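Visitor: Pasting the sequence and the predicted coordinates here, then a few questions.
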Amino acid sequence: MSLSDQVLAALLLYGLPVLFGVILICSVGIPFPVSLMLVAAGSFVQQGDMKLWQVIVVASVAAIAGDQVAYCLARWGGRRLIGRVSRSIGVEAQIKQAEALTRRWSGAGIFLSRWLVTALGPWVNVTSGIAGYPWRSFLLWDVLGEVLWVVLYVTLGYVFSDRVQAMAEILGNLAWVVAGLIVALILGWKLKGYVLQRPDNTL
Amino acid sequence: MKNFGWRQWLIVLAFVLVVLFTGILAMRTVRRAAYWHNHKDEPIRPWMSIGYIAHSYRVPPYVLTEALGLPPKPDRRPIREIAREQNRSVDEVIAILENAIVHVRPPYPPPGPPPLRQNQGQTQGRSP
């Protein structure tokens, strides 16, 4: 039996505690089929096996709590470690530059990585913590993004309640397509910069 | 282009690879979505419950409980648990369910009325 079979069987048997636990450990970066579980929860709501408000509240609280744990660990553990390592190998300036960049873009990054590019979620938690992004702002974007994520996936599960696996697979692919598009845009932007630096050269 | 160093070429390569990867994935996603737009039956998996399978395949749940020799009442357990209880393999249970589903769909005649409930206090579950 695959991991997703195990997780969904546990969700059917034990309900909300499984939903809470799996989402919590996923926020810290352990890969579990969490999108599939949320879509399945939406389907179970549609069939009357679970209650909508309970699923939304429990899933949102679990996701937000997990993100805070990851952020705090990175902020108070990772930051010190990075500081020590960067001083010893002399890349302090570059680290500062990366931190400034993260601080500037983190709001949008945190929000979008909660629901649109979920694969980047755990990574953004850690970088926000390490960069010392203000906790209040992190919490605000995190709450907005995670609640949107939960509502979106549970609703899709509710609407496509008879095709849970197919729906989750399509959503998973779509998340990678969006991530690919964003990376392609960033790389394309960089390339455009290189080409425009030399107006005498034509492509 | 002459002035492109190895760094710039590396970014070009990464760009091409990412665009290729994204394009292939996007095509696959569209194909899957189109397929599932026209198909409703999902392969039965060990996590699914009788209720979910009945819902997904649009058959009355009692047809499935009957095929497995279970009482006609809502059963939330995954079929993995049912297989364990009945000392069968999951594949065997899936085969029984698929067979039962085939036999309530055309060209076979529609299933008869649900069997009488043994326990009047319990509901039968959702009918199709």
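Guide: On my side now, so go ahead. Numbers count the residues shown, from 1 in each chain, chains lettered A, B, ... in the order given.

Visitor: which residues touch the strand or helix carrying A:Q97?
Guide: According to DSSP states H and E, A:Q97 maps onto helix A:92-115. Applying C-beta atoms under 8 Å, 6 or more residues apart in numbering or on different chains, the contact partners of helix A:92-115 are A:63, A:82, A:86, A:120-121, A:123-124, A:127-128, A:130-133, A:137-138, A:141-142, A:144-146, A:148-149, A:152. (C-beta placed from N, C-alpha, C; glycine too.)

Visitor: Just the buried subset of those residues, please.
Guide: Buried by 16 or more other C-beta atoms under 10 Å in any protein chain shown: A:63, A:82, A:86, A:120-121, A:124, A:127-128, A:130-131, A:133, A:138, A:141-142, A:145-146, A:149, out of the contacts of helix A:92-115.

Visitor: from the contacts of helix A:92-115, which ones fall inside helices?
Guide: If you go by DSSP state H, those have A:63, A:82, A:86, A:121, A:123-124, A:127-128, A:130, A:137-138, A:141-142, A:144-146, A:148-149, A:152 in helices.

Visitor: The longest helix along chain A versus helix A:92-115: what angle between them?
Guide: Longest helix of chain A, by residue count under DSSP H: helix A:164-197. In terms of direction (axes from the mean of the first three to the mean of the last three C-alpha atoms, to 10 degrees), helix A:164-197 departs from helix A:92-115 by 140 degrees.

Visitor: same for helix A:164-197, what does it pack against?
Guide: Helix A:164-197 is packed against helix A:34-46, helix A:135-159, helix B:6-38, with contacts defined by 3 or more C-beta pairs under 8 Å, 6 or more residues apart in numbering or on different chains; DSSP states H and E.

Visitor: For the shortest one, what does the pLDDT average out to?
Guide: Okay, so that is helix A:34-46. For helix A:34-46, mean pLDDT is 93.

Visitor: Name the residues of it that are buried.
Guide: By neighbour count with 16+ other C-beta under 10 Å, helix A:34-46 contains the buried residues A:34-46.

Visitor: Surely A:M1 and B:P78 touch.
Guide: No. The pair A:M1 and B:P78 does not pass the contact test of C-beta atoms under 8 Å, sitting 9.8 Å apart.
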